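> Got a predicted structure plus its sequence, pasted below:
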Amino acid sequence: MVSRVIPVDTFDLVIFGGTGDLARRKILPGLFRRYCAGQMPRDARVIGAARTDMDSAGYRDFVRDAIEEFGGGRDCEDGTLDAFLKQMDYIPIDARGENGWPELAQHLPDSARVRAFYFSVAPGLFGDLAERLQLHGLADSDSRIVVEKPFGRDLETAKALNASLAEHFKESQIYRIDHYLGKETVQNLMAVRFGNTLFEPLWNAQYVDHIQITVSETVGVGGRGEYYDKSGAMRDMVQNHLMQLLCLIAMEPPAQFEPDAVRDEKLKVIRALDPVEPHHIVRGQYDASADAPDYRSAVNDPRSKTESFVAMKIGISNWRWAGIPFYLRTGKRMSTRYSEITVVYKARNHSIFDEQAGDHRNVLSIRLQPDEGITLGVTIKEPGPGGMRLVDVPLDMSFAEALGEDGGDPPDAYERLIMDVIRGNQTLFMRGDEVEAAWAWTDPIINGWTARGDVPKPYASNSAGPTDSEQLLARDGRAWREVNS
Ligand code: NAP
């Protein structure tokens, strides 16, 4: 299957933090892949900006190295990289200084082109950048700004960030990235739910027993120890990525697939979340393995109380989901790298078969990574003459197999999201009120841990997390889907 690539309008994209890790690993290679695919116009310009003193020729070398290290496009012909690099410039700018801004203005002469500013810098600089863009007349009412996570570390800081951006930009100009929303399979959640008549009638408390969301990583905190230890799994993963998955799974059908229609429905889910009881949360910290240090050594704090694992049971008080538990878990140094959403349906309310047929349920699994796809567990008769014994078999669809080449190599989340910024489509970006609502729900949980002096449970590296996490479901007569299943 060949995907259609529709070129976006021509644009000027300024990447503040254009020399940073995110620019190098994701933004610049992503742009190049869109260039190779024919989506980035040949007269678009990309301008890197950071404090490092460098000229445009030096920046082009930097971009070339980044693309060679982190991957070009599969559709790229020889010579494409050289052509792409000609569209790059660099201007030394300090977000808190006054130098460089007039030069940047000279590079942005044509206000008819789409203008976007990517704030790929620490959040403490967002307000400075927003202010200077306006001060130097670089942004008009159609200019867009893109901001990265973390968007605050609690409700108060998120509100302050929103307020500092709102002084200079309208909400319709602000693109808050959660790269999970750019993942192909995450968008497929909406396609599966609202593009099929099959699932939606059964997507409620009447038919669903419970829903599990697992995002499991095999890596530890790596070189991010200092940063991670100040946030932990709750702030780093649950408040944003898992919350977004939960919203897409639980939300009501929006009237249209339009940014505010979708975001209104997501917001309603967050606002309907019940407060989480302390005994419905398990926190963990990974132990050392044969080849890697334990969490506390990795973050260089022998007394750290930050969690690298969290599992929780959540309730949603609305008509569709009242009484149905949502179990979420995420952790580092787990046995398998995988992300999956599982909808476990209720058992039949009456069986026409005798006891030996056993207890069977339908299970819908949506795999986000690796091997993106959907599996529906269906109950059939076990073959053979042994009477009516039932067995569950998977109806398994791997997107890579079903869609051929395109399904096997979907655009990276950043590629899609940057193109959405240029197209002016905010559907896959978080609105300010959504972020604040998510923090309003998260804050009491984290504050409760601090007030109680809660200490995370140790868990073995390369495992499924602390055993208490298994107990969380076992108490309800349920079990997590195996991490390696
Ligand atoms: P980084 O590697 O530390 O890069 C920071 C960038 O900001 C550098 O280009 C730096 O260049 C520039 N910078 C620092 N102070 C500046 C100033 N006063 N004025 C202008 N530029 C300044 O950080 P990063 O990993 O790229 O992360 C950037 C943002 O993305 C952060 O908000 C981070 O939380 C977020 N993020 C990153 C990742 C990731 O995978 N890296 C993932 C998700 C979110 P100079 O030193 O030359 O000024």
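Arrived safely. Residues are numbered from 1 along each chain as shown.

> So what touches the host helix or strand of Asp443?
Using DSSP states H and E, Asp443 maps to helix 432-452. Taking contacts as Cβ atoms under 8 Å, 6 or more residues apart in numbering, the residues outside helix 432-452 that touch it are 151-152, 154-155, 158-159, 162, 166, 171, 174, 176, 234-235, 238-240, 243, 263, 266-267, 270-271, 273, 275-276, 278, 281, 283, 305, 454. For glycine as for every other residue, the C-beta is placed from the backbone atoms N, C-alpha and C.

> of the residues you listed, buried ones?
Of the members of the contacts of helix 432-452, the ones counted as buried by neighbours, 16 or more other Cβ atoms under 10 Å, are 151-152, 155, 158-159, 162, 174, 176, 234-235, 238-240, 243, 263, 266-267, 270, 273, 276, 281, 283, 305.

> Just the buried residues of the helix holding Asp443, please?
For helix 432-452, a neighbour-count test (16+ other Cβ under 10 Å) marks 432, 434-443, 445-446, 449 as buried.

> what's the next secondary structure element after it?
Remark: after helix 432-452, the chain's next helix or strand is strand 457-459, criterion DSSP H and E.

> buried sites along the following helix or strand past that next one?
Note on strand 457-459: by DSSP H and E, the next helix or strand toward the C-terminus is helix 467-474. Using 16+ other Cβ under 10 Å as the test for burial, helix 467-474 gives Asp468, Ser469, Leu472, Leu473.

> So for the closest residue to Glu200 other than its chain neighbours, what's the pLDDT?
With Cβ to Cβ, 6 or more residues apart in numbering as the criterion, Glu200 has its nearest non-adjacent residue at 6.0 Å, and that residue is Arg193. Note on Arg193: pLDDT of 92.

> How about Ser351?
We have a pLDDT of 84 for Ser351.

> Test my guess that it contacts Ala357.
Yes. Between Ser351 and Ala357 there is a contact at 6.5 Å, judged by Cβ atoms under 8 Å.

> Name the residue in those two with the higher neighbour count.
Per other Cβ atoms under 10 Å, whichever of Ser351 and Ala357 has more neighbours is Ala357, with 17 against 13.

> ok now do the more buried one, which residues does it touch?
For Ala357, the contacting residues are Ser351, Met388, Arg389, Leu390, by Cβ under 8 Å, 6+ apart.

> 10 Å - rerun?
By Cβ atoms under 10 Å, 6 or more residues apart in numbering, the contact list for Ala357 reads Ser351, Thr379, Lys381, Glu382, Gly387, Met388, Arg389, Leu390, Val391.

> same deal with Ile281?
Shown in contact with Ile281 (Cβ under 10 Å, 6+ apart): 234, 238, 307, 310-314, 328, 445, 448-449, 454, 468-469, 472.

> Could you do Gly48 as well?
Contacts of Gly48 were listed using Cβ under 10 Å, 6+ apart, and they are 13-20, 23, 27-28, 54, 56, 58-60, 62-63, 88-93, 118, 120.

> Quick check: Phe194 is in a helix.
Yes. Using DSSP: H, G, I helix; E, B strand; the rest coil, the assignment for Phe194 is a helix.

> Was I right to think it contacts Ala261?
No. If you go by Cβ atoms under 10 Å, Phe194 and Ala261 don't touch, sitting 11.4 Å apart.

> Now for these two: what residues contact both?
Pro253, Pro254.

> So what touches the host helix or strand of Gln134?
Counting by DSSP H and E, the element that carries Gln134 is helix 126-135. With contacts defined as Cβ under 10 Å, 6+ apart, helix 126-135 is touched by 14, 16-17, 49, 93-98, 100-101, 104, 115, 117, 119, 121, 138-140, 143, 145, 147-148, 151, 160-161, 163-169, 173-174.
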